[in-house]
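Engineer: Here you go, sequence then predicted model.
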Amino acid sequence: MASDASFANLLECPICYEQFKTAPKQLPCKHTLCEACLHGLVQYNSIICPECREESPVPPGGVAAFPNDLTMQRFLEHHRTKALQTHTGQPPRSPIKKPIDHSPVDLQRSLQGTLLLMERDKDVFTKANQSLQEERQRYQQWRAAAQKRIIDVLDHVEGIVRQRKGQLLKDIETIYQRALLSVETEDVKVEVKKQGMDKLCVALREKLSQSATVGTRNDHDQVVTMVSQAQAVDASLRGGIELQLTQLNLLETGMDDLLSGIRGWGQVTATPQIHKIHPPALPTSPSIPPPPVLLGHSKMMTGPAMTSHQGMVKPSGQLSKTQTTTAASQHQQQQLKQVPVLQQQLKQVPVLQQQLKQVPVSQQQQQQQTGGGSGQSTPQVHQEQVHVPPQVQQQSNESQSLKKSQVTPVKAPHSSHIEQHQEPSSRYASMGQMSIQFGYDGGPGLLSSPLAVAELPNGTMAVTNGMTYEIKLFNNQGNHLKSMSLPSRGSFKHGLTGIAVHPAGHMCVSNPDRKEIQLVSVEGQVKGQLRVKVSIGEEKFCPWGIACSSQGVMYVCDRANHRIRVLNATGAHVSSFGGRGKDFGKLDCPTGVALTPNGQVAVADSNNNRVQIFTPEGGFVRSFGMEGSGLGELKGPSAISIDQNGYMAVSEMTNNRVQIFTPAGQPLVVFGKAGAEGGQFASPRGITVSRDGKVIVCDTKNDRVQVFQ
């Protein structure tokens, strides 16, 4: 019996613990699940196997297109046949071909009910036609918008290419003329030296012809001087003549990035989706009851199918053949009437499981204290409270009570273990629930227009104020730890607008009112100031967002000059890139900067409503986002933060929301709207992604910081 029970357990779905009723589906990883549970596991057109965590794409035909597990099907048939032999003592009967006679009343009821069903179900075709017509219109609108976007972008690129072409040709002509001028100058110098050499040779020949008549001491000294001068000139010629020439070069810097950006820009995809059109609900009418099942013509009477129903009947004592057949028929009628209800409950199993996983810890503990349970401690899984409807809760309780005697409960893994193995895309896709908020409830931790936030190496959150020159430190629960006041100078205007952690351990804080970056220790001591000497005609240095590389190189948004300033590890200004404009590579009031895992520089180009990616040297790579409030569109991006996997979190102060992008710049999820409630924003500015995947946002005009996970 133990072996039979173990074999029966193998024939159950590992998700719903129900024996496979439809054809079991096999994933590419070779694990088998039922089709109903597979529907509940679909996320973003892919399925993560609950047993091995391998991700598999959903076939074009949907979940039903996964291959059937033929071996499991044979095991099921064998198990059902053996169950029939055990309960009846007889081998499975052949299909009953002779139809069972029914009364005229039953036939009339069946015809009336069937006609009613047919009339109702015909409406599904009308709905399907309407849905398809709407899809055609939506496809046409999408095609027109996509074509316009592609034409606009590539025409813009073409215009920039033509402009750059003219500039490069002009530069070539200028450099060429300068090089020709240098050659002519050197030619004149060589000619002058040659003429001087010729004159010296003529003078030597004259002295040589007069050498026999040299008599006076003065003549002798002149000859000696001339010979020495000639020898010196000749010695200088033996070393060669140096010509000051110019080498012409055409450096194709940025070509690879340019071609890669153009070739990789844009991607047109079509994702298969199943859109099911359901018929309207059947109206209840006492005069027309639902049609009965005509067992004589039902396919449920064939051998293998009948064995599964008869296997549920446990005969008590010895029954005659007629009694056994009558009891089996009555039992089959009852089971067949319950089939639609069972099918509906099976469809709700994945939803019930997902909702039961999200029941708060307090409810689980209360159930353990009052319900009696097994006495085993259950690991606490911290989740947001989810309202479970009463009817769903009742169905889940009934489902659990039915399985309690035969299914061993599996302990849920610890929440940190779940987060560690969860894919970043899945984690961010389900983000939007605020976990904590702080800084608005008075006391020493009161914030006043927070503008920037950073996570220190010990997990502490450092927040800068926009209305004071203060940095406030909070722990990961939002409890205030310490406040640090920085020195001020002159009139107050902006406050502290940016903060980053240097590899040396101190904080780099942007202070545009002092036109400097202040280096502050975690104890609050100012260790130094960094200033940038701007070029003639530029505005004074106005630091805003800041990012530090692992080598200590700082990238600072110079908001007033629309540039990114690059400071080396010693704090010296080494280069800058950007400049005001709307072309690719140009910036307009950049306020946020972050570094990708491969060292590229991502800039929140605020007034251009986009994010631009640059090489560490400042070469343009790509851009994403355009003005708007839809998914993937940006309005007033004020700050950006990038996690260790390259996913980008962008705060939008005009749209009052946060948007998550993939490493390729594709929009993933948007959360937040204008307001003062939890999860709502009023001009959000600073943002950072913590090492454990939490998104920390400065809700500036609500004077608080919100943490999402």
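Structural biologist: Structure received. Numbering: from 1, shown residues only.

Engineer: show me where pLDDT drops low in the stretch 1-150 of the chain?
Structural biologist: Low-confidence segments of the stretch 1-150 of the chain (pLDDT under 70): 1-8, 83-103, 106, 120.

Engineer: Show me where it has its strands.
Structural biologist: In the stretch 1-150 of the chain, the segments counted as strands under DSSP state E, counting those that start in this stretch are 25-26, 32-33, 42-43, 46-48, 55-57.

Engineer: so of the ones you listed, which one's packed in deepest?
Structural biologist: strand 32-33 (a mean of 22; mean count of other Cβ atoms under 10 Å). No exception for glycine: its C-beta is placed from N, CA and C like everyone else's.

Engineer: Which neighbouring elements make contact with it?
Structural biologist: strand 25-26 (3 or more Cβ pairs under 8 Å, 6 or more residues apart in numbering; DSSP states H and E).

Engineer: CA atoms only for stretch 58-78, dumped as CSV, please.
Structural biologist: Only the C-alpha atoms of stretch 58-78 are listed here, as CSV (Å, rounded to 0.1, in the frame of the first residue of the first chain):
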residue,chain,number,x,y,z
VAL,A,58,5.9,30.5,-23.5
PRO,A,59,5.4,28.9,-27.1
PRO,A,60,3.4,31.0,-29.7
GLY,A,61,0.3,28.9,-29.1
GLY,A,62,0.3,29.6,-25.3
VAL,A,63,0.5,27.2,-22.4
ALA,A,64,-1.5,24.6,-24.3
ALA,A,65,1.4,24.4,-26.9
PHE,A,66,3.8,22.9,-24.4
PRO,A,67,4.3,19.2,-25.2
ASN,A,68,2.4,16.5,-23.3
ASP,A,69,4.3,14.2,-21.0
LEU,A,70,3.5,10.9,-22.7
THR,A,71,5.2,8.8,-20.0
MET,A,72,3.1,10.4,-17.3
GLN,A,73,-0.1,9.8,-19.4
ARG,A,74,0.7,6.1,-19.6
PHE,A,75,1.3,6.0,-15.9
LEU,A,76,-2.1,7.6,-15.3
GLU,A,77,-3.9,5.1,-17.6
HIS,A,78,-2.1,2.3,-15.8
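
Engineer: That one: which residues count as buried?
Structural biologist: Using 16 or more other Cβ atoms under 10 Å as the test for burial, stretch 58-78 gives Val58, Gly62, Val63, Phe66, Asp69, Met72, Phe75, Leu76.

Engineer: cool, and stretch 585-597?
Structural biologist: Gly585, Lys586, Leu587, Asp588, Cys589, Pro590, Thr591, Gly592, Val593, Ala594, Leu595.

Engineer: which residue ranges form the strands in the stretch 551-700 of the chain?
Structural biologist: Secondary structure of the stretch 551-700 of the chain by DSSP E, counting those that start in this stretch: the strands cover 554-558, 563-567, 573-578, 590-595, 601-605, 610-614, 620-624, 637-642, 648-652, 657-661, 667-671, 684-689, 695-699.

Engineer: Select, out of those strands, the one closest to Pro444.
Structural biologist: strand 695-699 (18.3 Å; Cβ to Cβ).

Engineer: what's downstream of the closest one, the next helix or strand?
Structural biologist: Scanning forward in sequence from strand 695-699 by DSSP states H and E, the next helix or strand is strand 704-708.

Engineer: ok, the buried residues of stretch 58-78 vs Asn607, which is closest?
Structural biologist: Using Cβ to Cβ, Val58 is the member of these that lies nearest Asn607, at 41.2 Å.

Engineer: Poorly predicted segments of the stretch 401-550 of the chain, please.
Structural biologist: For the stretch 401-550 of the chain, applying pLDDT under 70 flags the ranges 401-423, 489-490.

Engineer: What segments of it are helices?
Structural biologist: In the stretch 401-550 of the chain, the segments counted as helices under DSSP state H, counting those that start in this stretch are 415-421, 424-429.

Engineer: residue ranges with poor pLDDT in the stretch 251-400 of the chain?
Structural biologist: For the stretch 251-400 of the chain, the stretches flagged by pLDDT under 70 are 271, 273, 275-276, 278-400.

Engineer: please redo it, this time with the cut-off set to 50
Structural biologist: 284-329, 331-332, 335-336, 339, 342, 346, 349, 352, 356-400 (pLDDT under 50).

Engineer: So for Gln229, which of the strands of the stretch 551-700 of the chain sits nearest?
Structural biologist: Taking these one by one with Cβ to Cβ, strand 573-578 is closest: 50.5 Å.

Engineer: what's near enough to touch the closest residue to Val63 other than its chain neighbours?
Structural biologist: Distances taken as Cβ to Cβ, 6 or more residues apart in numbering place Leu38 nearest to Val63, at 4.5 Å, with adjacent residues excluded. Shown in contact with Leu38 (Cβ atoms under 8 Å, 6 or more residues apart in numbering): Lys25, Ile47, Val63, Phe66.

Engineer: For my notes, please list those in TSV and give distance to Ile660 for each entry.
Structural biologist: Converted to TSV, the contacts of Leu38 look like this (distance: Cβ to Cβ, whole Å):
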residue	distance to Ile660
Lys25	32
Ile47	22
Val63	27
Phe66	30
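
Engineer: if we take those residues, which one ends up nearest to Phe541?
Structural biologist: Checking the contacts of Leu38 one by one against Phe541 (Cβ to Cβ), the nearest turns out to be Ile47, at 52.7 Å.

Engineer: what's the distance between the closest one and Tyr647?
Structural biologist: 21 Å (Cβ to Cβ, to the nearest Å).

Engineer: follow-up on the earlier one: name the nearest of the buried residues of stretch 58-78 relative to Gly254.
Structural biologist: Of these, the one sitting nearest to Gly254 (Cβ to Cβ) turns out to be Val58, at 39.8 Å.

Engineer: Distance of that closest one relative to Pro67?
Structural biologist: Applying Cβ to Cβ to Val58 and Pro67 gives a distance of 13 Å.

Engineer: same question, Gly40
Structural biologist: Remark: distance between Gly40 and Pro67 (Cβ to Cβ) = 19 Å.
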